[in-house]
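Asks: the following comprises the amino acid sequence and a computationally predicted model.
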Amino acid sequence: MAIVLIGVSEAFDYHEKDLESDQSVWGLYEKWCNHHKVSRKLDDKQKRFNVFKENAKFIHKTNQMNNSYTLELNKFGDMNIDEINGVFGRSNFQYKNRKLEDISLASTNAKNGNFMYANVKKVPKSVDWRKKGAVTSVKNQLTGCGSVWAFSAAAAIEGINQIKTGKLISLSEQQLVDCANEKHGCSGGWMSTAFRYVKKHGITTEELYHPYTATTNKCDQAKLNSTKVSIDGYERVPTNDEDALLKAVANQPVSVTLEFLDLEMRFYRRGVINSKGRGGPLTAATVVGYGVTEYGQKYWIVKFSLGSAWGEDGYMRIECGIRETKGACGIAQFPSYPIINSKIDLSLTINDGD
């Protein structure tokens with residue numbers, strides 16, 4: 001079933017009077033814990049209080065500005081920077097080692113001709129793969145496991161498989177976490193690792209493998225005989241090229257990396273965010289479409305794995321076409337997508353916009 005954005009989940013709202021004193025902020029903190037069903041021991045709660053207070057003030061101040069997005073005190077409200085980084089898997093993306101060199105080389109190769117959508121001349125004004133039945137429901141990677149790479153890759157594979165076969169199958173991120181990343185699946189990884197693994201071994205469903213546990217377990221080889229989906233390979237979108245990314249997303253969901261340093265991204269509620277990103281480690285997500293607001297602001301539709309209570313029912317809209325070479329939030333740096341080798345009619349997308 002296609003999942004179409006129809007609104008946002010119930011927000012945790014508060015007012016300036018809630019920030020007037022430590023006593024009022026403590027009362028706000030209690031309400032926040034109840035709203036998000038967060039349980040903290042008293043000593044831990046007291047340690048986190050100042051973090052919560054600063055986050056609440058930042059969110060309130062930001063929401064008073066004339067931005068194209070709003071923030072909220074979501075489930076990360078009392079987490080420090082390291083804890084949030086752990087949730088998104090940022091700290092384990094090896095941004096400075098040979099893998100980055102490999103990615104840069106792959107992106108260069110894409111520019112030299114290994115990009116199947118290079119000759120696409122025209123794309124629709126908007127594309128939403130949710131409406132086309134190629135996107136499964138928003139999933140939840142849970143805290144304590146940096147498995148964003150697995151969720152991003154699985155979503156991209158689910159998309160191209162539906163486009164090619166007409167069948168939307170929800171695939172097993174747990175299989176990727178257990179089997180594709182050398183027993184370090186919760187410690188972060190690259191989507192290319194997942195794509196290479198699926199090309200060689202295939203991937204099955206959560207039902208046929210194991211339910212997602214947010215831990216790295218021993219790969220259950222006995223379950224791999226029940227393969228449901230396979231791919232023939234993957235390609236990189238030319239790096240720092242939003243026009244190339246647009247061509248790819250017009251034809252299938254695409255895995256991307258994002259710079260998640262800014263508080264605006266962590267506490268995102270709704271609207272089109274336009275952070276330029278600040279470099280450094282990355283997180284992962286999947287671009288499942290693009291569009292334009294009634295005010296003419298172009299945006300990417302990005303699927304995360306934080307559950308449907310985060311953002312716009314689990315999605316974020318990120319501005320498309322900014323002057324920054326790497327795109328807003330660094331979205332154009334390292335996009336990639338899986339390939340299933342049956343001919344794609346590139347003309348099908350030309351008049352298929354909303």
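Replies: Looks like it arrived, so ask away. Numbering: from 1, shown residues only.

Asks: hey, let's count contacts and neighbours off CA atoms from now on
Replies: Noted.

Asks: ranges for the helices of the stretch 101-250 of the chain?
Replies: With helices called from DSSP state H, counting those that start in this stretch, the stretch 101-250 of the chain shows them at 148-165, 173-179, 191-201, 242-249.

Asks: what's the most buried one of those?
Replies: Most buried of those, by mean neighbour count (mean count of other Cα atoms under 10 Å): helix 173-179, with a mean of 28.

Asks: thought residue 181 was touching residue 219, still the case?
Replies: No. Assessed by Cα atoms under 8 Å, residue 219 is found out of contact with residue 181, at 10.2 Å.

Asks: who are the packing partners of the longest strand seen in the chain?
Replies: Longest strand of the chain, by residue count under DSSP state E: strand 283-292. Under the contact criterion of 3 or more Cα pairs under 8 Å, 6 or more residues apart in numbering; DSSP states H and E, strand 283-292 touches strand 127-128, helix 148-165, helix 242-249, strand 254-258, strand 298-303.

Asks: in TSV: those, plus distance to residue 329 and mean pLDDT.
Replies: Below are the helices and strands packed on strand 283-292 laid out as TSV (distance: least, Cα to Cα, whole Å; pLDDT from 0 to 100):
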stretch	distance to residue 329	mean pLDDT
strand 127-128	20	98
helix 148-165	16	96
helix 242-249	12	97
strand 254-258	6	95
strand 298-303	11	98
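
Asks: just so I know, which of the ones you listed lies nearest residue 272?
Replies: Minimum separation from residue 272 across the helices and strands packed on strand 283-292 (Cα to Cα) falls at strand 298-303, 6.7 Å.

Asks: skip the chain neighbours and tell me the closest residue to residue 319.
Replies: Nearest residue to residue 319, sequence neighbours excluded (Cα to Cα, 6 or more residues apart in numbering): residue 299, at 4.2 Å.

Asks: what do you get for residue 118?
Replies: residue 244 (7.0 Å).

Asks: helix or strand with the lowest mean pLDDT in the chain?
Replies: Least confident element among the helices and strands of the chain, by mean pLDDT, DSSP states H and E: helix 98-111 (a mean of 50).

Asks: okay, residue 191 and residue 319: tell me how far apart.
Replies: 23 Å (Cα to Cα, to the nearest Å).

Asks: thinking again about what came up before, among the helices of the stretch 101-250 of the chain, which is nearest residue 262?
Replies: Closest of the helices of the stretch 101-250 of the chain to residue 262 is helix 148-165, at 17.7 Å (criterion: Cα to Cα).

Asks: just want the angle from that closest one to helix 191-201.
Replies: Relative orientation of helix 148-165 versus helix 191-201 (axes from the mean of the first three to the mean of the last three Cα atoms, to 10 degrees): 50 degrees.
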